[in-house]
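In: return atomic coordinates for the entry below.
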Amino acid sequence: MINGENYKRRREETFSDDEDSCSTDNEPKKKDLNGIITSLLLLEEQEKRDHEEQNEASNEEKSILESNHKRKTRTMLEFYTNLQDYYSEIDETDRVKRKKSRTMAESVAVAAVSQTENQSPNQQNKQSGSGQQRRLWVKDRSKAWWDDCNRPDYPEEEFKKAFRMSKSTFELICEELNSVIAKEDTTVLMPKYLHWPEEDSLRKIKEEFEGISGIPNVVGSMYTTHIPIIAPKISVAAYFNKRHTERNQKTSYSITVQGVVDPRGVFTDVCIGWPGSMTDDQVLEKSALYQRANGGLLKGVWIVGSSGYPLMDWVLVPYTKQHLTWTQHAFNEKIGEIQKIAKEAFGRLKGRWCCLQKRTEVKLQDLPVVLGACCVLHNICEMMDEGIDPDLKFALADDEMVPEVALKSVSSMKARDAIAHNLLHHGLAGTAFL
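Out: So this is what the prediction gives:
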């Protein structure tokens with residue numbers, strides 16, 4: 001009995017010790033767990049504070065951006081308001097000026113009519129011939145006019161009448177100019193459409209000219225025309241055109257355009273801008289063509305000119321002396337057929353571009369560029385086989401003068417005589433001179 005109680009007591013003590021031991025082991029674990037939980041709470045709190053600070057910074061930045069935007073908007077509105085007020089003042093000023101000008105014009109017109117009614121018919125005719133003329137006429141064109149011309153169903157004949165070329169050629173020119181028009185490169189098309197022919201082209205040109213006239217080795221037909229201008233402020237005597245003045249009975253000033261064309265009438269060389277007082281042979285001596293010939297680049301070929309040019313190793317001109325032989329008459333007839341090609345080409349040039357027919361308002365220093373552009377456009381039209389309305393053809397006046405030195409090479413005189421004899425003896429001279 002006593003032993004049983006002892007055993008029971010020892011067992012209870014053993015259980016008590018185990019419980020104390022377990023309690024002692026769990027205490028560090030509880031402390032670690034509490035620490036982890038505390039850390040997580042602190043991290044969560046820190047993250048929350050960071051998020052709030054970030055939101056505050058974002059809201060502050062947004063507020064600054066909105067403030068700047070409002071300030072810029074307000075400034076722009078003020079600027080445009082001031083600008084609109086400025087233009088309104090200008091419009092009002094222009095309106096007042098136009099009104100005053102119209103009033104003055106009406107007054108002058110009334111006065112002129114009153115004065116005319118009191119004059120005799122002879123006095124009226126005299127004043128109309130010598131009175132001051134308007135120097136520049138401008139025809140206003142609205143966008144509606146272009147929209148109408150640009151319609152797909154717009155009649156081709158009407159388009160050609162308005163633009164001096166077909167719609168397809170007009171579109172070709174627009175495409176060529178489209179990429180460079182912003183650069184204001186006004187001579188961009190000249191190297192492509194106006195240049196001296198290559199060897200293969202020269203060979204073909206020789207064959208075509210020989211087929212026309214029977215004269216071999218001809219590479220071009222040359223002609224010089226004059227473009228009327230207003231009397232310049234400087235060197236006015238240099239631009240005085242004596243021949244036009246005598247013919248028109250009116251003081252005339254001009255600049256010259258010398259051109260060489262192929263059998264189709266396409267310009268292969270131009271010399272633009274020399275004063276109108278110069279003769280054809282003087283203009284020729286100033287040209288780049290003359291310099292190329294002196295450099296030997298035109299050796300063995302002919303360029304046909306009128307009697308206004310001298311006979312040279314590369315310039316073939318007609319006989320000008322009196323009492324010509326049949327052989328010389330025959331030669332002049334055939335060379336005239338070649339010369340006519342250049343003259344007709346200039347007639348089409350002036351017919352297409354009416355600005356070349358009368359005194360131009362373009363500044364003298366800008367005129368060569370304008371004339372060069374007209375020659376390029378002419379070439380494009382010729383290459384595209386653009387015909388010209390017969391009513392638009394311009395009749396050129398033959399006002400060339402025989403140069404003081406009409407012969408500059410003895411060998412060229414012998415060569416011309418040989419060509420003339422060959423034409424006659426081979427039956428190529430024709431019968432117009434008989």
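In: residue boundaries of the strands in the protein?
Out: Along the chain, counting by DSSP state E, strands occupy 218-229, 253-261, 267-275, 302-304, 315-316.
In: how about the third one: buried residues?
Out: Within strand 267-275, the residues that qualify as buried are 267-275, counting by 16 or more other Cβ atoms under 10 Å. Every C-beta, even on glycine, is put in place using the N, C-alpha and C of the backbone.
In: redo those as CSV? Include pLDDT and distance to Val257.
Out: Formatted as CSV, those follow (pLDDT from 0 to 100; distance: Cβ to Cβ, whole Å):
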residue, pLDDT, distance to Val257
Phe267, 97, 10
Thr268, 96, 14
Asp269, 96, 11
Val270, 96, 7
Cys271, 95, 7
Ile272, 94, 5
Gly273, 91, 8
Trp274, 93, 9
Pro275, 93, 12
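In: ok, back up a step: for Leu42, find the nearest of the strands of the chain.
Out: strand 267-275 (92.0 Å; Cβ to Cβ).
In: strand partners of that closest one, parallel vs antiparallel please.
Out: Strand 267-275 sits in its sheet next to strand 253-261 (antiparallel), going by DSSP bridges.
In: run through the stretch 51-200 of the chain and note the low-pLDDT ranges.
Out: 79-80, 83-84, 86-88, 90-154, 162-164, 167, 170-171, 173-189 (pLDDT under 70).
In: let's see that with 90 instead.
Out: For the stretch 51-200 of the chain, the stretches with pLDDT under 90 are 51-193.
In: and His323, how many neighbours does it have?
Out: For His323, the number of neighbouring residues by other Cβ atoms under 10 Å comes to 5.
In: meant to ask about Ser67, not that
Out: Ser67, neighbours per other Cβ under 10 Å, totals 10.
In: ok, now which ones touch it?
Out: Residues counted as contacts of Ser67 (Cβ atoms under 8 Å, 6 or more residues apart in numbering): none.
In: same check, this time on Arg74
Out: Applying Cβ under 8 Å, 6+ apart, no residues contact Arg74.
In: ok, now Leu349?
Out: Contact partners of Leu349, counting by Cβ under 8 Å, 6+ apart, are 356, 374-375, 378.
In: so which residues of the chain form helices?
Out: Using DSSP state H, the helices of the chain run over residues 2-117, 121-130, 143-149, 156-163, 167-178, 190-193, 199-213, 242-248, 280-286, 288-294, 326-352, 367-383, 410-425.
In: if I look at Leu43, how far off is Leu396?
Out: For Leu43, the distance to Leu396 (Cβ to Cβ, to the nearest Å) stands at 101 Å.
In: which one of the two has more residues nearby?
Out: Between Leu43 and Leu396, Leu396 has the larger neighbour count (other Cβ under 10 Å), namely 15 against 10.
In: and for Ile215, the neighbour number?
Out: Neighbour tally, Ile215, other Cβ under 10 Å: 23.
In: got it, and Pro216?
Out: Going by other Cβ under 10 Å, the residues that sit close to Pro216 add up to 13.
In: could you check the pLDDT of it?
Out: What the model reports for Pro216 is a pLDDT of 95.
In: how about the nearest residue to it, chain neighbours excluded?
Out: In space, and not counting its chain neighbours, Pro216 is closest to Glu210: 5.2 Å by Cβ to Cβ, 6 or more residues apart in numbering.
In: hmm, that neighbour is touching Val219, no?
Out: No - using Cβ atoms under 8 Å, Glu210 makes no contact with Val219, being 10.8 Å away.
In: who has more neighbours, these two?
Out: Val219 (22 against 15).
In: so how far is Leu297 from the more buried one?
Out: 11 Å.
In: again, but for Val266
Out: According to Cβ to Cβ, Val266 and Leu297 sit 20 Å apart.
In: which residue comes closest to Ser235 once chain neighbours are left out?
Out: According to Cβ to Cβ, 6+ apart, the nearest residue to Ser235 is Pro275 (7.2 Å).
In: near the residue lying closest to Phe209 once chain neighbours are set aside, how many other residues are there?
Out: The shortest distance from Phe209 to any non-neighbouring residue, by Cβ to Cβ, 6+ apart, is to Val218 (3.9 Å). Applying other Cβ under 10 Å, we find 23 residues neighbouring Val218.
In: beta partners for Val218?
Out: Beta-bridge pairing of Val218 under DSSP bridges involves Trp302.
In: tell me the contacts of it?
Out: Per Cβ under 8 Å, 6+ apart, neighbours of Val218: 205-206, 209-210, 301-304, 316, 338.
In: which among these end up buried?
Out: Buried subset of the contacts of Val218 (neighbour count, 16+ other Cβ under 10 Å): 205-206, 209, 301-304, 316, 338.
In: turn these into TSV, including pLDDT and distance to Glu60.
Out: Listed next are those as TSV, based on pLDDT from 0 to 100; distance: Cβ to Cβ, whole Å:
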residue	pLDDT	distance to Glu60
Ile205	97	82
Lys206	97	86
Phe209	96	87
Val301	97	86
Trp302	97	89
Ile303	97	84
Val304	97	88
Leu316	96	91
Ile338	96	89
